[in-house]
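**Student:** Can you look at this prediction? I've put the sequence above it.
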Amino acid sequence: MKLLNISGSPHVHSDESTKKIMWRVNLALIPMLLVAIAYFGLNALLISLVSVACCVLFQWLIEKFILKVPTTICDGSAVVTGLLLAFNVPATADMIWLVAIGALVAIAIGKMSFGGLGKNPFNPALVGRVFLLISFPVQMTTWPTVGKWFPMSFDTVAGATPLGLLKEGGAEALPQAWEMFVGHIGGSLGEVSALAILIGAIYLLCRKIISWHIPVSFIGTAFIFSGILWLVNPETFVDPLTTILTGGIMLGACFMATDMVTSPMSRSGQLIFGVGCGLLTIIIRNWGAYPEGVSFAILIMNAVTPLLNRWCKPVRFAN
Amino acid sequence: MKTFKMGGVHPEENKISSSAVIEQMPLPAQVVVLMNQHLGAPATPVVAKGDKVRVGQLIGEAQAFMCANVHSPVSGTVAKVDVCKDAFGFAKPAIYINVEGDDWVETVDRTPDIKRECNLEPQEIVAKLKEMGIVGLGGATFPAHIKYNVPEGKKAEYLIINAVECEPYLTSDHRVMMEHAEEICIGVSILRKALGVPNAYIGIENNKPEPIAVMTAMSKNFQGIIVEPLKVKYPQGAEKQLINAITGRKVPSGKLPIDVGCVVSNVGTAFAVYEAVQKNKPLIENILTVTGKKLPSQHNYQVRIGITYNDIIKHSIGELPENTGKVISGGPMMGKAVVNLDAPTTKGASSVLVMDESEARRAPETNCIRCGKCVNACPMGLEPYLFSSLVKNNRIEEAKIHNILDCIECGCCFFSCPANKPLTDEIRLGKNRVRAMMAAKK
């Protein structure tokens, strides 16, 4: 007779897999990609393609020739990193080649050096982004002009982001809240339209890939903290609605702070993580050297995650 | 609708055998009766090779405290008193009996009439449970006479009947309720009397509307029996989770249900109690589901204990399908993979679940992505991912500090893990190491 398999229970498994989760995250990023293409034109598409292709390629090369392990590029995580990296840079012609360097740092240093997906302490896309910001500060803060839809030229005209305007004290030139919500503002590729971000985030929530804890505590803290500052002195500080609709808060809170690998496991830990991200973002924006602080805030909280996992235990049954 | 508060998952239900009426499994040429079919010490054989036995005759006597009587499920001649490998490969003392006819002891009432009156005192009921070798049929096979003998200083307030059947595939409880509702209610009344509690609650998951309707209608004829439909969530049939779902109480770590005033018995046990107390019939039969997605037919059987898995398969489906990958005794979440199909079934067996090769294989394990799904799925509020790395690195002391022994091995963590990490296996290993460490310290 044929031999039977034996194993410990359970003998059935849910249809969840890492691959499914990662491809669903990619699907959730599509609305942002479409808005970016509609708004920034071919530059946005090219930057995204180069970023994704480089992330996948570098991961494959490292796995094949350096680590000599079976390749895992099909799990979709390198594509997520590539898209998120592209979404965090300005849509200028320079970025089409610079983003390849960012991809190398994100994948090689941010992810594979620690042992690949699941072992990295920091969000790889943000590692790549911050590397680019520090190494190429001019290119990383040159923004394409805001204006018409579907631009087809590759020319870069220096525009300004709302946060840049604020840093320079030009608050009166700010766009309206509605424009900020649909994305008619300057900024990095993926962060311009809060609406597109929310569509993706709601999809991930429904799929139970992210929970509400980090986005709500992150955005909520940023809103309340900036609101307090604004009430104290409306002259110097930005109003809370503008604060959360500009820059990377929405994108960061919904897609980067919620990265499973680098955020805490327990619900209470996730809440503290989100509050920390929100506070640091506002502190950096108002008192730091950079107009935007989301990337640094998330990376700093990534470093705190192991401690949060240690302190914030789930509530035990009957305890 | 009530359910337990923390964690849990919802596996595909697959109750494909729920409409198969209970059939009688014919007797084979030989049965093998294991001497420990219950939690605790094995019973002591009281027959020898060559002895003639009758159906229902005592053949293994409970001499230790934690032990249960074993009776002959068939009539015939004792072929040998020896050891036998059970379905999971462990050698256990056993009595082999060659079947001759079907000759029952006179004391068993084999008439089909339902006997409703029970005038026994609580102690007499407990004594009867002991005499008839009744054990819990929910899986743990805890001897019933110990459970219903409430220790001094503790008081039972709730009797909870577990008819949840939260395991996918299993339908034996479903069928018993459909076909023996009145006997179950009488059995529950007897257990209620034994404990002296005012009310008994029968918890049934909401995916079984027919048994809920049948039992609710029947319970109207009885005093103090309340049918409680529960929201479908696994592992609702786990004792601590069921108590939490029905009473809201929580059994603390390392304590027993009686410490929060609860006693939980399976619905199959209630039926066995009826037969034992009212009909004098020892526990020599149980209801067993034969099921599997790829099987030609689905069955529920009343099976004499001691019939081998092979005999059951031969009678129900002829032979195992070509690409059979795994045979499981019990449900797919907590059941055990059968190693040895020549082994006999025992009192606690609830199913023969056949999976084909594709269902039986585990997907390859990948890196933990720290998604936290295991933490959210755990009904005990533990951190399975943490145990996994602690056990791998032999940090047993820390595993104990993080309450690894609270794990009920329900399998929710492994079930929900997107990286396919065998968390439940690693935790089981860790629990054994923790127990070994504690034993070494003593």
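**Tutor:** Perfect, I can see it now. As the structure is a prediction and not an experimental result, all values here were calculated from the model.

**Student:** Which parts of chain A belong to which domain?
**Tutor:** Taking automatic domain parsing as the reference, chain A has its domains at A:18-139, A:210-311.

**Student:** Make CSV out of those domains and add distance to residue B:370.
**Tutor:** C-beta coordinates here come from the backbone N, C-alpha and C atoms, glycine included. Putting those into CSV (distance: least, Cβ to Cβ, whole Å) gives the following:
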stretch, distance to residue B:370
domain A:18-139, 6
domain A:210-311, 5
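
**Student:** Now do the strands in the stretch 101-250 of chain B.
**Tutor:** With strands called from DSSP state E, counting those that start in this stretch, the stretch 101-250 of chain B shows them at B:158-162, B:200-205, B:225-230.

**Student:** coming back round to it: relative to residue B:339, which of the domains of chain A is closest?
**Tutor:** domain A:18-139 (31.5 Å; Cβ to Cβ).

**Student:** The closest one: how far from the chain's middle?
**Tutor:** In terms of Cα atoms, centre = their mean, to the nearest Å, the centre of domain A:18-139 is set 11 Å apart from its chain centre.

**Student:** any chance of the strands of the stretch 101-250 of chain B in CSV, with mean neighbour count, mean pLDDT and distance to chain A too?
**Tutor:** Shown next, in CSV, are these (neighbours: other Cβ atoms under 10 Å in any protein chain shown; pLDDT from 0 to 100; distance: least, Cβ to the nearest Cβ, whole Å):
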stretch, mean neighbour count, mean pLDDT, distance to chain A
strand B:158-162, 26, 95, 16
strand B:200-205, 25, 96, 17
strand B:225-230, 20, 95, 18
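
**Student:** Specify the stretch among those that is closest to residue B:40.
**Tutor:** strand B:158-162 (20.3 Å).

**Student:** Which elements pack onto the closest one?
**Tutor:** When contacts are defined as 3 or more Cβ pairs under 8 Å, 6 or more residues apart in numbering or on different chains; DSSP states H and E, strand B:158-162 packs onto helix B:181-195, strand B:200-205, helix B:239-247, strand B:262-266, helix B:267-279.

**Student:** separation between residue B:195 and residue B:154?
**Tutor:** Using Cβ to Cβ, to the nearest Å, residue B:195 is found at 11 Å from residue B:154.

**Student:** on that earlier part again, and the domains of chain A as CSV, adding distance to chain B and mean pLDDT?
**Tutor:** Below are those laid out as CSV (distance: least, Cβ to the nearest Cβ, whole Å; pLDDT from 0 to 100):
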stretch, distance to chain B, mean pLDDT
domain A:18-139, 3, 93
domain A:210-311, 4, 92
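
**Student:** residue closest to the middle of the chain?
**Tutor:** Using chain A. Centroid-nearest residue in chain A, with Cα atoms, centre = their mean: residue A:256, separated by 3.5 Å.

**Student:** that's the wrong chain, I wanted chain B
**Tutor:** Most central in chain B (Cα atoms, centre = their mean) works out to residue B:139, at 2.1 Å.

**Student:** ok, that residue touching residue B:334?
**Tutor:** Yes - counting by Cβ atoms under 8 Å, residue B:139 touches residue B:334, with 7.0 Å between them.

**Student:** Buried residues in stretch B:11-18, which are they?
**Tutor:** B:11, B:13, B:14, B:15, B:16, B:17, B:18 (16 or more other Cβ atoms under 10 Å in any protein chain shown).

**Student:** what subset of those is also close to chain A?
**Tutor:** residue B:11 (Cβ under 8 Å from any Cβ of the partner chain).

**Student:** Using a markdown table, lay out the buried residues of stretch B:11-18 together with secondary structure.
**Tutor:** Shown next, in a markdown table, are the buried residues of stretch B:11-18 (DSSP: H, G, I helix; E, B strand; the rest coil):
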| residue | secondary structure |
| --- | --- |
| B:11 | coil |
| B:13 | coil |
| B:14 | coil |
| B:15 | coil |
| B:16 | coil |
| B:17 | coil |
| B:18 | coil |
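
**Student:** Out of the buried residues of stretch B:11-18, flag the one nearest to residue A:139.
**Tutor:** Checking the buried residues of stretch B:11-18 against residue A:139 by Cβ to Cβ gives residue B:11 as the nearest, at 51.8 Å.

**Student:** got a list of what the closest one touches?
**Tutor:** A:12, A:14, B:168, B:234, B:332, B:333, B:415 (Cβ atoms under 8 Å, 6 or more residues apart in numbering or on different chains).

**Student:** what's the closest non-adjacent residue to it?
**Tutor:** residue B:168 (5.1 Å; Cβ to Cβ, 6 or more residues apart in numbering or on different chains).

**Student:** Quick check: the one you found touching residue B:328?
**Tutor:** No - Residue B:168 is beyond contact range of residue B:328, at 10.8 Å (criterion: Cβ under 8 Å).

**Student:** out of these two, which sits in the busier spot?
**Tutor:** residue B:328 (28 against 22; other Cβ atoms under 10 Å in any protein chain shown).

**Student:** For the closest residue to chain A within the stretch 51-200 of chain B, give me the pLDDT.
**Tutor:** Relative to chain A, the nearest point of the stretch 51-200 of chain B is residue B:168 (6.7 Å; Cβ to the nearest Cβ). Predicted confidence (pLDDT) for residue B:168: 95.

**Student:** pLDDT wise, what is the residue nearest to the centre of chain B at?
**Tutor:** Taking residue B:139 on its own, its pLDDT is 80.

**Student:** what do you get for residue B:70?
**Tutor:** 95.

**Student:** about what we covered before: between residue B:195 and residue B:154, point out the one with more neighbours.
**Tutor:** With neighbours defined as other Cβ under 10 Å, residue B:195 and residue B:154 compare such that residue B:195 has more, 23 against 11.

**Student:** And the helices in the stretch 201-350 of chain B, which stretches?
**Tutor:** For the stretch 201-350 of chain B, the helices defined by DSSP state H, counting those that start in this stretch cover B:209-219, B:239-247, B:267-279, B:309-317.

**Student:** can you tell me the average pLDDT over the last one?
**Tutor:** This means helix B:309-317. 93.

**Student:** Now it: buried residues?
**Tutor:** Under 16+ other Cβ under 10 Å, the buried positions of helix B:309-317 are B:309, B:310, B:311, B:312, B:313, B:315, B:316, B:317.

**Student:** I'd like to know how many residues surround the closest residue to chain A within the stretch 151-300 of chain B.
**Tutor:** Proximity of the stretch 151-300 of chain B to chain A (Cβ to the nearest Cβ) peaks at residue B:250, 3.5 Å away. Neighbours of residue B:250 under the rule other Cβ under 10 Å: 19.

**Student:** so who does the closest residue to it other than its chain neighbours touch?
**Tutor:** Nearest-residue entry for residue B:250: residue A:318, 3.5 Å, with adjacent residues in sequence omitted and distances by Cβ to Cβ, 6+ apart. Shown in contact with residue A:318 (Cβ under 8 Å, 6+ apart): B:240, B:250, B:251, B:252, B:253.

**Student:** now, which of these sits nearest residue B:295?
**Tutor:** For those, the nearest to residue B:295 is residue B:240 (33.4 Å; Cβ to Cβ).

**Student:** contacting residues around residue 104?
**Tutor:** Reading this off chain A. A:54, A:58, A:128.

**Student:** could you do chain B instead?
**Tutor:** Here residue B:104 is in contact with B:54, B:55, B:56, B:75, B:110 (Cβ under 8 Å, 6+ apart).

**Student:** For it, list each beta-bridge partner.
**Tutor:** Here residue B:104 sits in beta bridges with residue B:55, as judged by DSSP bridges.

**Student:** So for it, what pLDDT did the model give?
**Tutor:** Residue B:104 carries a pLDDT score of 94 in this model.

**Student:** Then residue A:147?
**Tutor:** For residue A:147, pLDDT reads 53.

**Student:** The closest residue to residue A:74 other than its chain neighbours sits in which helix or strand?
**Tutor:** Excluding the flanking residues, the one nearest residue A:74 by Cβ to Cβ, 6+ apart is residue A:19, at 6.8 Å. Per DSSP states H and E, residue A:19 falls inside helix A:18-40.
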